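# Curious how this folds, go ahead:
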Amino acid sequence: MKRNGTPRKGAKEHHNYIVAQALAMLMLGASVQEVSDKLDVPKQSVSRWRELLPAEVGRGGTKKEVIEDLFGQYLEKSLRATLAQLEVISDPDWIRTQNAADLATLHGVVFDKSVRVFDAARRGAEQRQLPAASGYTTPETVS
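A predicted model of the protein is given here:
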């Protein structure tokens, strides 16, 4: 890794693979402290490497935020795929080409999954309303 200026006395040069591993961990949402501990590298070095990342990558995002974002993307793509599948299976011409047993199974699966998604969304909405209704505040509810 190329540095500007004169190196500090006693400064340790880190192998490129250590820097690459640290950057990868940061991009996946690890904190500076976690990277420092895992790779046995000073926090100052990890912080300096983090500055090499684009602003929208690996900064300010906790593991929880990264996972929430990935889950949101997964959910969105799953719902879009499900909607595309529902378009196909709701076509009367397609339905006529299927046997009754397969249609019954398909209907059961689609209905069951739809009810589960709806129920999960309902419970999530109720949980978001509970703290405000009870007067209890969480960090998310404090303005």
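# Tell me where the protein has strands.
Counting by DSSP state E, the chain forms no strands at all.
# got the domain boundaries for it?
1-61, 63-134 (automatic domain parsing).
# need the ones you listed in CSV with mean neighbour count and mean pLDDT, can you?
All C-beta spots, glycine's among them, are computed from the backbone N, C-alpha and C. CSV is the format used below for these (neighbours: other Cβ atoms under 10 Å; pLDDT from 0 to 100):
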stretch, mean neighbour count, mean pLDDT
domain 1-61, 13, 79
domain 63-134, 10, 87
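# Now Glu34. Nearest residue, chain neighbours left out?
Closest residue in space to Glu34, ignoring its immediate chain neighbours: Met25 at 7.1 Å, by Cβ to Cβ, 6 or more residues apart in numbering.
# so that neighbour makes contact with Asp37?
No. With contact defined as Cβ atoms under 8 Å, Met25 does not reach Asp37; the gap is 10.7 Å.
# Mind listing residues that contact stretch 102-121?
Thr82, Leu86, Ile89, Ile95, Gln98 (Cβ atoms under 8 Å, 6 or more residues apart in numbering).
# how about those in JSON lines, adding distance to Leu75?
Formatted as JSON lines, the contacts of stretch 102-121 follow (distance: Cβ to Cβ, whole Å):
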{"residue": "Thr82", "distance to Leu75": "10"}
{"residue": "Leu86", "distance to Leu75": "16"}
{"residue": "Ile89", "distance to Leu75": "21"}
{"residue": "Ile95", "distance to Leu75": "28"}
{"residue": "Gln98", "distance to Leu75": "28"}
